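Visitor: need a structure here:
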Amino acid sequence: MSSELSGIVVVDKPEGVSSAGVVARVKKLFGARKTGHAGTLDPFATGVLVCCLNQATRLARFMLKGDKRYTASMVLGADTDTQDATGTVVEQRPWEGIEPEAIFAAAKTFVGEIEQIPPVYSALKHKGTPLYKLARRGEAVEKPARKVRVDRMEILSIDLPDVRLAVSCSSGTYVRTLCADMGSILGCGGHLKRLRRDESSGFGIEDAWQLEQLTELEREGRLEQTVIPMNTAMPSMPQVVAGDGLADKVRHGVPLLADDFVERPRVSDGGFFKVVDRNKRLLAVMSDAQPPGSYNYCCVFSV
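Guide: Predicted structure coming up:
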């Protein structure tokens with residue numbers, strides 16, 4: 001298999017492996033020069049991890065902003081320093097007597113645009129150092145609250161002290177913080193017990209491959225069939241099909257104006273659109289620029 005193969009591989013990350021560990025495994029299996037991922041998962045979490053091969057690593061920054069969907073289990077009655085089951089219990093309070101109606105009501109308070117304080121044990125950085133490393137050294141740094149969006153927070157089942165829920169949210173939302181905050185509202189504390197990412201950046205668990213499956217396909221010489229082409233890697237981003245003349249301009253990075261297109265390109269919420277050639281190969285990702293009717297190149301791909 002060519003080490004220059006570029007595209008997306010969606011992996012069903014197993015429990016107990018870091019996202020970096022999965023990416024390293026994918027890099028070795030594909031013999032890729034360069035790999036990355038579009039949004040980390042904690043080692044104890046499972047589910048959709050979008051891995052990028054070679055040129056597709058340049059798409060990760062666009063996919064990082066994609067919405068996420070999770071299934072989670074939380075435990076009431078105990079707060080931990082990490083807000084999840086991997087941490088140390090710092091406070092326990094009785095959960096007996098909490099009515100299901102109160103749990104349903106608490107979940108509803110998080111739907112919409114909310115302010116969320118990121119956990120001190122997270123991959124966010126402070127002066128170049130991940131917060132979790134600082135916290136482990138006893139130098140916990142609390143980042144200011146930031147706006148996130150929760151589209152759905154549905155209680156799936158209640159078997160106290162366990163509560164199972166489904167969450168659909170924007171990128172940057174911490175499900176363990178939602179669990180800890182819900183425990184605070186209920187007055188008994190709580191933490192995340194289990195987390196599975198069901199969808200990320202438009203890819204669902206039905207698109208994901210287990211590492212064992214990838215290993216077997218590599219043995220059979222069929223690994224390439226798991227790769228999603230770059231042109232379909234961002235299904236929600238508007239697309240322009242370029243004729244031969246326009247495609248040649250894009251390949252050479254020639255500045256483009258609205259008149260270069262048959263129709264003025266539609267753009268995503270972030271102001272981006274992708275340009276593909278007649279064979280549906282991704283040529284570039286572009287963005288709106290000033291003055292209106294002009295565009296910037298975000299990245300150009302060799303095809």
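Visitor: so who does the residue lying closest to residue 293 once chain neighbours are set aside touch?
Guide: Here the nearest residue to residue 293 in space, its sequence neighbours aside, is residue 258; by CB to CB, 6 or more residues apart in numbering that works out to 4.0 Å. (C-beta placed from N, C-alpha, C; glycine too.) With contacts taken as CB atoms under 8 Å, 6 or more residues apart in numbering, residue 258 has the following neighbours: 264, 265, 293, 294.
Visitor: What average pLDDT does stretch 277-291 get?
Guide: Here stretch 277-291 scores 92 as its mean pLDDT.
Visitor: centre of the chain versus that stretch, how much separation?
Guide: Relative to its parent chain, stretch 277-291 has a centroid offset of 23 Å by CA atoms, centre = their mean, to the nearest Å.
Visitor: ditto for stretch 165-176
Guide: Per CA atoms, centre = their mean, the centroid offset for stretch 165-176 relative to its chain is 10 Å.
Visitor: now stretch 77-88
Guide: The answer for stretch 77-88 is 23 Å, by CA atoms, centre = their mean.
Visitor: Let me see the mean pLDDT of that stretch.
Guide: Stretch 77-88 shows an average pLDDT of 94 in the prediction.
Visitor: helices or strands next to the helix or strand that contains residue 245 in the packing?
Guide: Per DSSP states H and E, residue 245 falls inside helix 244-251. Based on contacts counted as 3 or more CB pairs under 8 Å, 6 or more residues apart in numbering; DSSP states H and E, the elements that helix 244-251 packs against are strand 272-276, strand 282-289.
Visitor: The ones you listed: which one's closest to residue 170?
Guide: Go through the helices and strands packed on helix 244-251 one by one with CB to CB and the one that ends up closest to residue 170 is strand 272-276, at 16.7 Å.
Visitor: What angle do helix 244-251 and that closest one make with each other?
Guide: Strand 272-276 and helix 244-251 are oriented at 120 degrees to each other (axes from the mean of the first three to the mean of the last three CA atoms, to 10 degrees).
Visitor: If you count neighbours, what's buried in stretch 259-271?
Guide: Taking 16 or more other CB atoms under 10 Å as the neighbour-count basis, stretch 259-271 is seen to contain the buried residues 260, 261, 265, 268.
Visitor: Counting neighbours, what do you get for residue 153?
Guide: Residue 153 sits with 22 neighbouring residues when counted by other CB atoms under 10 Å.
Visitor: Which positions in stretch 162-178 come out as buried?
Guide: 163-165, 167-169, 171-178.
Visitor: what does stretch 19-37 give?
Guide: Going by neighbour count (16+ other CB under 10 Å), the buried part of stretch 19-37 is 19, 22, 23, 25, 26, 27, 29, 30, 32, 35, 36, 37.
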